[in-house]
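Undergrad: predicted model and sequence follow; I will ask about them next.
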Amino acid sequence: MEPVEIEAKTLIHKSKTPSNDYVINPYTGCVLGCAYCFASFAGRQFGRSVKEWGDYLYVKKNAVELARKELAKMPETKRRGTMLLSSVTDPYQGHETKYRLTQGILRELKAVE
C-alpha cells in the first residue's frame, strides 16, 4: 500500500485522556489493521470508514518541522506536561523506516528538555 503524504496544519493537540496532557500523531491510519484496535475511527476526518482500517496511511510529512515550531512556541511549563506519542496509530509501522517522523519528533522533544 502506498501512503498518502499530507501537510498537517498542527501536530501537538490537547489530550482528551485523563493520563496525558498532549498527544502527537505523526500518521493517520495504520497499515497493520489489527482487528482489536480501538483507533479505527481515526480516518473519519478523511472520509474513511471503520471497515477500511488497515487499508490507508496518511503521512504528516511536515510533522518534525511542526513539532519544532509548536514546541518553541509552547511555554516551558506546558512543555513539561505528559505527551503521548501516537494515540491512534502505530508510531513504528513499516513506513517509519522511510519517513522517520517518530524518530524526528522524539529528537525535537529531547532538544527542549
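TA: Structure's in. What do you need?
Undergrad: in three-state terms, label the closest residue in space to residue 27 that isn't next to it in sequence for me.
TA: Among residues not flanking residue 27 along the chain, residue 89 sits closest, at 4.4 Å (Cβ to Cβ, 6 or more residues apart in numbering). No exception for glycine: its C-beta is placed from N, CA and C like everyone else's. Classification of residue 89 using DSSP: H, G, I helix; E, B strand; the rest coil returns coil.
Undergrad: thinking residue 89 is in contact with residue 31, fair?
TA: No. In this structure residue 89 lies outside contact range of residue 31 using Cβ atoms under 8 Å: 9.7 Å.
Undergrad: higher neighbour count, those two?
TA: Legend: neighbour count by other Cβ atoms under 10 Å for residue 89 and residue 31, higher for residue 89 (21 against 16).
Undergrad: ok so, going back, residues contacting the residue nearest to residue 27?
TA: Residue 89 sits next to 25, 26, 27, 28, 29, 30, 39, 42 when contact means Cβ atoms under 8 Å, 6 or more residues apart in numbering.
Undergrad: redo that, cut-off 7 Å
TA: Going by Cβ atoms under 7 Å, 6 or more residues apart in numbering, residue 89 touches 25, 27, 28, 29, 30, 39, 42.
Undergrad: over to residue 37?
TA: Here residue 37 is in contact with residue 53 (Cβ under 7 Å, 6+ apart).
Undergrad: apply 10 Å and report the result again.
TA: Residues counted as contacts of residue 37 (Cβ atoms under 10 Å, 6 or more residues apart in numbering) are 30, 53, 54, 88, 89, 90.
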